[in-house]
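S.K.: mind looking at a prediction? Sequence and model below.
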Amino acid sequence: MTSFGSRLGRRLWTVYEYLAMVLGLSALALLCLGWLPCALLGALLPARAGRRVGRLAISVGFRVYLHFLTIFCACRFDLAALNALRRDQPLILVANHPSLLDVVMIVSRLPNAVCVMKASLMDNILLGAGARLARYIRNDAPVSMVRRACAELQQGVHLVIFPEGSRTLHFPVDAFTNAAGLIASSTGVPLQSLIIEFSSPYLGKAWPLFRKPELPLRCTVRLGRRFGAPAHIRSFTGELEGYFRKEMAHCPASPGNPNRESPSS
């Protein structure tokens, strides 16, 4: 009887995990659809007003979305460390990139954040209008990207950049690009590292979009080392990558670690 009850419990939990996946993805799609006409109308605003409205709306929308995931989808987010950065601007925030939720978590706590985004996402019908209104930065033209990033930092923002350039495929981190170091060197703005930890590789690059999550999902963003603007960009990039590899190696539940414990254990 105990064995039967255990099997039934596991099956019911599996059903819930699928339901939570559908709810989570549907809620994000509805949020983007609801915001789309507002973002398109917002494009008629003066650039400064549109930028402010766009960034605030994205931050509030992402915070609401994370609350939804917490209540209905067995997700637990520990983002309190980000609150300490709100008054600390300008600042370059460099983070590892294990999941599609990384930007959502960071921007939900920092309403004046500007993200360096993949060009394909900027062109996406659901995501692109809001990102363009907020004046996020495309990553497909390196010279233009660095120039725009420097201009935004002069306005006193949090610049969010993922040095891997895309979600992590080979954990703990993929090879870093020189972009963060180049921007810091050009502006003299320090870099704050953000260490993102997940209990599961859900929504990672190697995780199919419609594969069910392993719940409960626990997500943490903690503050790492702060680096000064580098004098030698290439050597700094190697130092930054080495730092992240060392930090992520100490994460017992790092996605992709075959020895990590199951979240349900």
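M.R.: That came in fine, so what should we check first?
S.K.: partner strands of the lengthiest strand in the chain, parallel or antiparallel?
M.R.: Longest strand of the chain, by residue count under DSSP state E: strand 217-227. Strand 217-227 has the following sheet partners, assigned by DSSP bridges: strand 75-78 (parallel), strand 191-198 (antiparallel).
S.K.: check which residues of stretch 45-52 are buried.
M.R.: 50-52 (16 or more other C-beta atoms under 10 Å). In this view, the C-beta of every residue, glycine as well, is placed from N, C-alpha and C.
S.K.: how deep is L79 tucked in, by neighbour count?
M.R.: Using other C-beta atoms under 10 Å, L79 is surrounded by 17 other residues.
S.K.: give me phi/psi at it?
M.R.: Dihedral angles of L79 (phi, psi; degrees, to the nearest 10) stand at phi -120, psi 10.
S.K.: so it sits right up against V107, yeah?
M.R.: No: using C-beta atoms under 8 Å, L79 is not in contact with V107, being 10.6 Å away.
S.K.: now A29. Nearest residue, chain neighbours left out?
M.R.: L126 (6.8 Å; C-beta to C-beta, 6 or more residues apart in numbering).
S.K.: dump the residue contacts of that neighbour.
M.R.: 29, 32-33, 36 (C-beta atoms under 8 Å, 6 or more residues apart in numbering).
S.K.: out of these, which end up buried?
M.R.: 32, 36.
S.K.: closest to A131 out of the contacts of L126?
M.R.: Nearest to A131 among those is C32, at 10.5 Å by C-beta to C-beta.
S.K.: which SSE is that closest one in?
M.R.: helix 2-42 (DSSP states H and E).
S.K.: looking at the strands paired with strand 217-227, which is nearest to H97?
M.R.: strand 191-198 (7.5 Å).
S.K.: just the helices from the stretch 101-250 of the chain, written as ranges.
M.R.: 102-109, 119-122, 128-133, 142-154, 179-187, 233-249 (DSSP state H, counting those that start in this stretch).
S.K.: save the ones you listed as JSON lines, and put in mean neighbour count, distance to G224 and mean pLDDT too.
M.R.: Below are those laid out as JSON lines (neighbours: other C-beta atoms under 10 Å; distance: least, C-beta to C-beta, whole Å; pLDDT from 0 to 100):
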{"stretch": "helix 102-109", "mean neighbour count": "23", "distance to G224": "13", "mean pLDDT": "97"}
{"stretch": "helix 119-122", "mean neighbour count": "15", "distance to G224": "25", "mean pLDDT": "87"}
{"stretch": "helix 128-133", "mean neighbour count": "22", "distance to G224": "26", "mean pLDDT": "87"}
{"stretch": "helix 142-154", "mean neighbour count": "16", "distance to G224": "20", "mean pLDDT": "95"}
{"stretch": "helix 179-187", "mean neighbour count": "22", "distance to G224": "13", "mean pLDDT": "97"}
{"stretch": "helix 233-249", "mean neighbour count": "16", "distance to G224": "6", "mean pLDDT": "96"}
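S.K.: so where is this structure shaky, pLDDT-wise?
M.R.: Residues of the chain meeting the criterion pLDDT under 70: 1, 4-5, 251-265.
S.K.: many thanks, have a good one.
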